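[1] pasted the sequence and its predicted model underneath.
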Amino acid sequence: MERDPASPELVRPDIDLSLFPATTSVSDSGRVGVGGVDLLDLAAEHGTPAFVYDEVGLRTSFRAARSLFGEGVAYATKAFLTPSLARIAADEGMSFDVSSAGEYRCCRLAGVAPDRLVVHGNNKTVQEIDTAVADGVQWIVVDNFVELSRVIDAARRLAVTPRVLIRVNPGIQIHTHRYIATGNRNSKFGFPVWTGDAAEAMETARRAGCLDVVGLHFHIGSFVLSLDTFVAALDAVASIVEQFDPRVLVVGGGLGLRYLRTDECPTLEEWGRAILDWAARRFPGRRVLAEPGRVLVARSALTLYTVGMVQRKGRTRFVAVDGGMSDNPRPMLYGSGYEAFSLTRPLEPHAAVCRLVGRHCETGDTLVERALLPESTAVGDIVCTPVTGAYGYSMASTYNLIPRPPIIMVRDGRARVTTRRETEDDLFAREVAP
Ligand SMILES: Cc1ncc(COP(=O)(O)O)c(C=O)c1O
């Protein structure tokens, strides 16, 4: 908390707006709004936990990706997908990376045409491949030899010529959590470049005579913070690009973003420029596309929680909220960091070190290991964690049979619940007999 040097009687809240959605505003009295909607009012009306998404922020990101890479650039839906989100991304001209029949159906429900769908996955079912071939999707990204023969078989059986990309694994080490590194020599994804499998897959696909082999694809991992890593991956696939001279090269997604005040990360524009500059030098006249996920949606959301317990145990001050690992499993899965902010006490110094924990039956159910919150934080306060728009809701579970939170989209002073809160009845809707 600081005094405003321009009007010293005004106290500015301890809020780092660069971590909050783009349309966040703070009133003189410290009330925080997103999309022109007051967050405490939202919490009172819709309850907590709740995901709040800034529609303008989402649209701005999709538009930026589309203008950097052009037609065909895909949003990686695993980061966050609902039919409403798909409609927004489609409006802004995005294609969609889908990796299951569920993601495919969600985009179709939103009215996305099949030729805007890029079908992914390392173990697609025969049914998923048949649907993609019959519907004429933008591309099927072929991951391995079993799948290659299934796609060839479907093309012949259905007498259709699907457009395919061959996914190659560049085999490079990157600095991210090992669970989300996908382009190293240990990865289950793609045809390895260094063994000759990638070249063999390209030759087999071209020889089959029933596929339109549009190009090559790679994806090195998620939450990658350095442009050099992407350039190293491009260098690692350069020889196979030169050998086969594909029409299209897709560089996947994977760009990280700032979750903490202290994080540093290139912007979407810097990332796009680094990739496109490489392509202009090494691959002139060919299309280079991408499929970012996280970076397009993460900052446009925050999660609202209510504090239910504050207690010092030993040397630790615990603040427990009404969500946790079921709405945000990333801290537990990858040790990911977040910050917390008190919406109830925005003008008090955020200086008390607390452990922000959830309500689940696991000691590891910690949302923020070292949260800075006001000293007077108390039961009933509303706190939020910013940058929860990616891999939160999409990875949410009903662990402990706790229903999943709603999605509230805010824009121009209006709040729309686009996915309602799950109910306890929903939890048992699939039971066949009591
Ligand atoms: C093939 C593919 N493309 C794109 C992405 C998106 O990655 P991110 O959300 O880190 O941008 C992923 C994520 O795992 C992926 O597997």
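    It's in. Numbers count the residues shown, from 1 in each chain.

[2] now the one residue in the stretch 101-250 of the chain that gets nearest to the ligand. Its backbone dihedrals?
    Residue of the stretch 101-250 of the chain nearest the ligand, by C-beta to the nearest ligand atom: Ser222 (3.2 Å). Where you see a C-beta, it was placed from the backbone N, CA and C, and this is true even at glycine. The phi and psi values for Ser222, taken as degrees, to the nearest 10, are phi -120, psi 160.

[3] host element of the closest residue to Ile88 other than its chain neighbours?
    Nearest non-adjacent residue to Ile88, counting by C-beta to C-beta, 6 or more residues apart in numbering: Leu58, 5.6 Å away. Leu58 belongs to helix 55-69 when assigned by DSSP states H and E.

[4] so, low pLDDT: which residues of the protein?
    Counting by pLDDT under 70, the chain contains low-confidence ranges at 1-12, 181.

[5] list of residues touching the helix or strand hosting Ala134?
    If you go by DSSP H and E, Ala134 is part of helix 126-135. Contacts with helix 126-135, where a contact means C-beta atoms under 8 Å, 6 or more residues apart in numbering, come from 100-101, 104, 114, 117, 119, 121, 124, 140, 147, 150-151, 154-155, 158, 160, 162.

[6] what's the following helix or strand after it?
    Taking DSSP H and E, what comes next after helix 126-135 is strand 139-142.

[7] who does that following strand pair up with?
    strand 117-119 (parallel), strand 163-169 (parallel) (DSSP bridges).

[8] quick check: angle from the longest one to helix 126-135?
    What it means is strand 163-169. Angle of strand 163-169 versus helix 126-135, following axes from the mean of the first three to the mean of the last three C-alpha atoms, to 10 degrees, is 140 degrees.

[9] which parts of this structure sit against the ligand?
    Taking C-beta under 6 Å from any ligand atom as the contact definition, the chain meets the ligand at 76, 78-79, 97, 120, 182, 219, 222, 252-255, 291-295.

[10] can you pull the contacts of Trp263?
    You called it Trp, but residue 263 is Asp. Contacts of Asp263 (C-beta under 8 Å, 6+ apart): 225, 257, 337.

[11] hmm, 6 Å instead?
    By C-beta atoms under 6 Å, 6 or more residues apart in numbering, no residues touch Asp263.

[12] ok so it is a strand residue?
    No. Assigned with DSSP: H, G, I helix; E, B strand; the rest coil, Asp263 falls outside any strand and is coil.

[13] now do the helices in the stretch 151-300 of the chain.
    197-208, 227-244, 268-282, 294-297 (DSSP state H, counting those that start in this stretch).

[14] these two touch, right, Cys384 and Ala301?
    No. With contacts counted by C-beta atoms under 6 Å, Cys384 stays clear of Ala301, the gap being 10.0 Å.

[15] and these two? Which one has more around it.
    Ala301 (28 against 24; other C-beta atoms under 10 Å).

[16] next, the closest residue to the more buried one other than its chain neighbours: secondary structure please.
    Leaving out its chain neighbours, the residue that sits closest to Ala301 by C-beta to C-beta, 6+ apart is Gly389, at 3.2 Å. Per three-state DSSP, the secondary structure class of Gly389 is coil.

[17] what's around Gly389, how many residues?
    For Gly389, using other C-beta under 10 Å, the count is 29.

[18] for burial, what's the neighbour tally of Gln394?
    Quick fix: residue 394 is Ser, not Gln. 17.

[19] now it: phi and psi?
    phi -70, psi -20.

[20] spatially nearest residue to it (excluding sequence neighbours)?
    Using C-beta to C-beta, 6+ apart, the nearest residue to Ser394 is Phe80, at 5.1 Å.

[21] how many residues are close by the one you found?
    28.

[22] same check, this time on Leu158
    With neighbours defined by other C-beta under 10 Å, the count for Leu158 comes to 13.

[23] check Thr316 too.
    11.

[24] list the contacts for it?
    Arg355.
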